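Asker: Give me a model of this one.
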Amino acid sequence: MDSHKVWDLNPGDIIDNRPSDRLDTAGIEDLRDSIDASGQTVPILVRRHPSMDGKYLLVYGRRRLEAVRLSDKTHTVRALIASLSDDTAVEAQITENMARQDLSYIEKALFSQELIENGFGSQTRVAEVLTVPKSAISMALGIVEMVGADLIRAIGPAHGVGRPRWDAL
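Answerer: Now for the predicted structure:
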């Protein structure tokens with residue numbers, strides 16, 4: 001961290017090219033209204049862009065960043081700046097989001113697929129960071145392949161719907 005200081009950054013200077021881990025984007029306007037009324041209490045985490053001076057890569061805080069970008073009243077986003085590798089940044093994203101709200105079964109499945117496709121690691125590595133058995137990742141990837149990512153995104157996160165119902169679909 002840059003001396004554990006919270007920085008006020010221009011949201012336009014932050015690039016979000018991470019794999020998506022959420023299907024449900026509802027509530028951004030409510031979050032924007034809350035930040036406008038009370039300020040942003042929890043900073044996002046970014047890292048310096050390796051080749052673009054003055055630009056940052058988002059590690060976590062996508063919803064907070066989007067809420068500030070949608071605001072007419074709030075023009076900076078509060079952020080911590082950390083020095084992290086690509087893999088460590090993804091691990092931080094996973095840890096932060098798992099602590100806030102459990103991902104649904106199908107969100108974990110899609111996120112696993114995106115992690116593997118983006119070169120984060122093998123099924124074994126993804127299983128380790130999501131703290132599930134490798135066989136669970138393998139089955140989840142099979143369901144994503146059979147059902148299709150577009151249909152899954154159209155259905156949404158389906159909280160409370162586990163593997164057997166997705167497998168039946």
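Asker: Could you tell me which ranges of the protein sit under the pLDDT cut-off?
Answerer: Where the chain drops to pLDDT under 70, the residues are 1-3, 19, 21, 24-26, 97-102.
Asker: Do a quick rundown of the strands in it.
Answerer: 7-9, 14-15, 44-48, 56-60, 77-81 (DSSP state E).
Asker: now what about the last one, what contacts it?
Answerer: For strand 77-81, contacts defined as C-beta atoms under 8 Å, 6 or more residues apart in numbering pick out 1-2, 4-11, 14, 40, 43-48, 56, 61, 64-65, 68. Just so you know, the C-beta spots here come from the backbone N, C-alpha and C atoms, and that holds for glycine as well.
Asker: Between strand 44-48 and it, find me the angle.
Answerer: With axes from the mean of the first three to the mean of the last three C-alpha atoms, to 10 degrees as the basis, strand 77-81 and strand 44-48 are set at 60 degrees to each other.
Asker: and strand 77-81, C-alpha only, in CSV?
Answerer: The C-alpha trace of strand 77-81 is given here as CSV (Å, rounded to 0.1, in the frame of the first residue of the first chain):
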residue,chain,number,x,y,z
VAL,A,77,-13.4,7.9,-5.8
ARG,A,78,-11.6,7.1,-2.6
ALA,A,79,-9.0,4.4,-3.2
LEU,A,80,-6.1,2.6,-1.6
ILE,A,81,-3.2,2.0,-4.0
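Asker: That strand pairs with which strands?
Answerer: Strand 77-81 has the following strand partners under DSSP bridges: strand 7-9 (antiparallel), strand 44-48 (parallel).
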